[in-house]
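Engineer: Sequence plus predicted model, see below.
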Amino acid sequence: MKRREFIGKSAVATGAFTVIPKHVLGKTTKTAPSERINLGYIGVGKQAMGLVRSLDECPETLVLAACDVDTIKLEAFKTAAETLNATKLEGGSQTVDTYENYLELLDRKDIDAVVIVAPDHWHAKMAVDAAKAGKDIYCEKPLAATVAEGRAMVDAARKYDRVFQTGNMQRSWRNFRHACEMVSNGYIGEVKEINVSVGDPWMACELLAEPVPENLNWDLWVGPSLFRNYNAELAPPIESRSWANWRAYRGYGGGQVTDWGAHMFDIAQWAMGMDKSGPVEFIPPEHGAKRGMKMVYENGVVMNHVDWGSFNAVQFLGSEGKIEVSRGFYRSDIEGLTELELKESDTALYTSDNHYQDWIDAIKKRTRPVSDVETGHRTASLCNIVNIGYALERPLKWKPAHERFIDDDAANSMLTRPFRGKWDFNDY
């Protein structure tokens, strides 16, 4: 999609921008105007509603703009964000401007950073454009829909020196970090096997066509992906209590393998020090199975996608004991291990107690946050390759350093996907 053509299709008027006098801001805000980090949100569904509250707790942030292809969701977000803004501007106000076309939002010179909460199939295009526009980036997980798109996001972030946080927020939770430190420092002995329990791989989208709601620009929702007709399961109305199920279908998401796998495989990667690498072999189960993928690392550790007894959880099996961790529990068969303090001789992992403040602090310091774009890319790549393995149903040998399969043209062709319009990974 060429920029001029995309902008030409947009028909949303720009909202008014309220300018607050500096002398008022200087006296009434909790944070000095010069220290503000002005945010724009791209995609404002359920997840964005949670993120705007979490990022509002960072005293430096203020929301200036939002973008979505659903006008009802956009207005609901605008109301929520303006209410949050008011708590930071005692006696003042800050209008949140709304856009249908995210490129118009990126053109705003007063926006410092963007929060990308669109469906997975949009992440790479939006993130690369944001990096080119000089914006720092928070992008939800899984970072990218394909390996090639993830690498493009990394390259663009590095080229334009952007601070990029991936939404793998479990890295900012104490129990997950502590579990990884116990594993990486040898407290359960030599680790030979890791079991990760998450749901199904992707599936083909065969949903029936339904009438497109008047408040939704369906063509822009589909965006760079191959076109298919609207179905409410992919983009439910705002009043729906269920999460949008686009994440289950190939072309838009990667099933639970990428949705929850981006959290749980990420923890396994962190514990093993594989944030810039990954498995070298993927061995699928029998025909038609949705569990049983084996991932073999160069050091011999085997990671299994398997239901091992707890859902959305990771189990580390060592020669001297085990660790099991999820959002609901942290346990070990080694007494006292889960509360053990690291010794001075141990290696501590990056410590972040707040995923959102960590990103804001990194922006101010121009450093890399706890879940940098390369980290998010490597985790998403692993998840995407697991889906490829389930689809092809044959063993795959992978070279993490080159991000290519060995002697398998068909598998390598799945490292990217077909697009509508022009998409050039070198065009940044």
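Structural biologist: Alright, I've got the coordinates.

Engineer: From now on I want contacts and neighbour counts done on CA atoms only, so please keep to that.
Structural biologist: OK.

Engineer: what domains does the record give for the chain?
Structural biologist: Listed domain ranges for the chain are 3-170, 173-345+372-428 (source: automatic domain parsing).

Engineer: Kindly check the end-to-end length of stretch 112-122 for me.
Structural biologist: Using Cα to Cα, to the nearest Å, one end of stretch 112-122 lies 20 Å from the other.

Engineer: Next, the buried residues of that stretch.
Structural biologist: Along stretch 112-122, these residues count as buried under the neighbour rule (16 or more other Cα atoms under 10 Å): 112-122.

Engineer: Which member of those is positioned nearest residue 40?
Structural biologist: residue 114 (4.7 Å; Cα to Cα).

Engineer: quick one: secondary structure of the closest one?
Structural biologist: strand (DSSP: H, G, I helix; E, B strand; the rest coil).

Engineer: right, and it touches residue 39 too?
Structural biologist: Yes: under the criterion of Cα atoms under 8 Å, residue 114 makes contact with residue 39 at 5.5 Å.

Engineer: Nearest to residue 362 among the domains of the chain would be which one?
Structural biologist: Among the domains of the chain, domain 3-170 sits nearest to residue 362 (Cα to Cα), with 6.8 Å.

Engineer: one step back: farthest pair in the buried residues of stretch 112-122?
Structural biologist: Farthest pair in the buried residues of stretch 112-122, by Cα to Cα: 112 and 121, 23.8 Å.

Engineer: can I have stretch 128-139 written out in CSV, keeping just the CAs?
Structural biologist: C-alpha atoms of stretch 128-139 as CSV (Å, rounded to 0.1, in the frame of the first residue of the first chain):
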residue,chain,number,x,y,z
VAL,A,128,8.6,-0.1,10.5
ASP,A,129,6.7,3.1,9.5
ALA,A,130,6.9,4.3,13.1
ALA,A,131,10.6,3.8,13.3
LYS,A,132,11.0,5.7,10.0
ALA,A,133,8.9,8.5,11.5
GLY,A,134,11.3,8.8,14.5
LYS,A,135,8.9,7.3,17.1
ASP,A,136,9.9,5.0,19.9
ILE,A,137,7.7,1.9,20.0
TYR,A,138,5.8,-0.4,22.3
CYS,A,139,4.3,-3.3,20.3
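
Engineer: for this structure, what helix or strand is lowest in average pLDDT?
Structural biologist: Sorting the helices and strands of the chain by mean pLDDT, DSSP states H and E puts helix 22-28 at the bottom, at a mean of 36.

Engineer: from the middle of its chain, how far away would whichever helix or strand comes after that one be?
Structural biologist: Moving toward the C-terminus from helix 22-28, the next helix or strand (DSSP states H and E) is strand 37-42. Here the centre of strand 37-42 is set off from its chain's centre by 16 Å, with Cα atoms, centre = their mean, to the nearest Å.

Engineer: Just name whatever secondary elements the very next helix or strand once past strand 37-42 is in contact with.
Structural biologist: Reading on from strand 37-42 to the C-terminus, the next helix or strand found by DSSP H and E is helix 46-56. Packing partners of helix 46-56 (3 or more Cα pairs under 8 Å, 6 or more residues apart in numbering; DSSP states H and E): helix 71-88, helix 355-365.

Engineer: Need the contact partners of stretch 36-43.
Structural biologist: 48, 60-69, 102, 105, 110-119, 360 (Cα atoms under 8 Å, 6 or more residues apart in numbering).

Engineer: can you do 7 Å?
Structural biologist: 60-68, 102, 111-118 (Cα atoms under 7 Å, 6 or more residues apart in numbering).

Engineer: And the residue nearest to residue 118 when sequence neighbours are not counted, how close does it get to residue 94?
Structural biologist: Closest residue to residue 118 apart from its sequence neighbours, by Cα to Cα, 6 or more residues apart in numbering: residue 43 at 4.4 Å. Distance of residue 43 to residue 94, given as Cα to Cα: 20 Å.

Engineer: If you tally nearby residues, what's the number for the nearest residue to residue 248 once chain neighbours are set aside?
Structural biologist: Nearest residue to residue 248 in three dimensions, chain neighbours excluded: residue 255, at 3.9 Å (Cα to Cα, 6+ apart). For residue 255, the tally of surrounding residues (other Cα atoms under 10 Å) stands at 24.

Engineer: pLDDT weak spots in this structure?
Structural biologist: When residues are selected by pLDDT under 70, those of the chain lie in 1-30, 424-426, 428.

Engineer: Could I get the full set of helices for it?
Structural biologist: Secondary structure of the chain (DSSP state H): helices located at 3-9, 22-28, 46-56, 71-88, 102-106, 123-132, 147-159, 174-184, 218-222, 255-259, 261-271, 355-365, 373-392, 409-413.

Engineer: what would these look like in a markdown table with distance to residue 301?
Structural biologist: Output for those, formatted as a markdown table (distance: least, Cα to Cα, whole Å):
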| stretch | distance to residue 301 |
| --- | --- |
| helix 3-9 | 46 |
| helix 22-28 | 56 |
| helix 46-56 | 34 |
| helix 71-88 | 45 |
| helix 102-106 | 43 |
| helix 123-132 | 31 |
| helix 147-159 | 23 |
| helix 174-184 | 13 |
| helix 218-222 | 39 |
| helix 255-259 | 20 |
| helix 261-271 | 11 |
| helix 355-365 | 29 |
| helix 373-392 | 15 |
| helix 409-413 | 23 |
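
Engineer: Could you pull out the buried residues of stretch 395-407?
Structural biologist: Per 16+ other Cα under 10 Å, stretch 395-407 contains these buried residues: 395-398, 400, 403-405.

Engineer: Any chance you could list what contacts stretch 184-193?
Structural biologist: Outside stretch 184-193, the residues that reach it (Cα under 7 Å, 6+ apart) are 271-272, 300-303, 316-322, 346-347.
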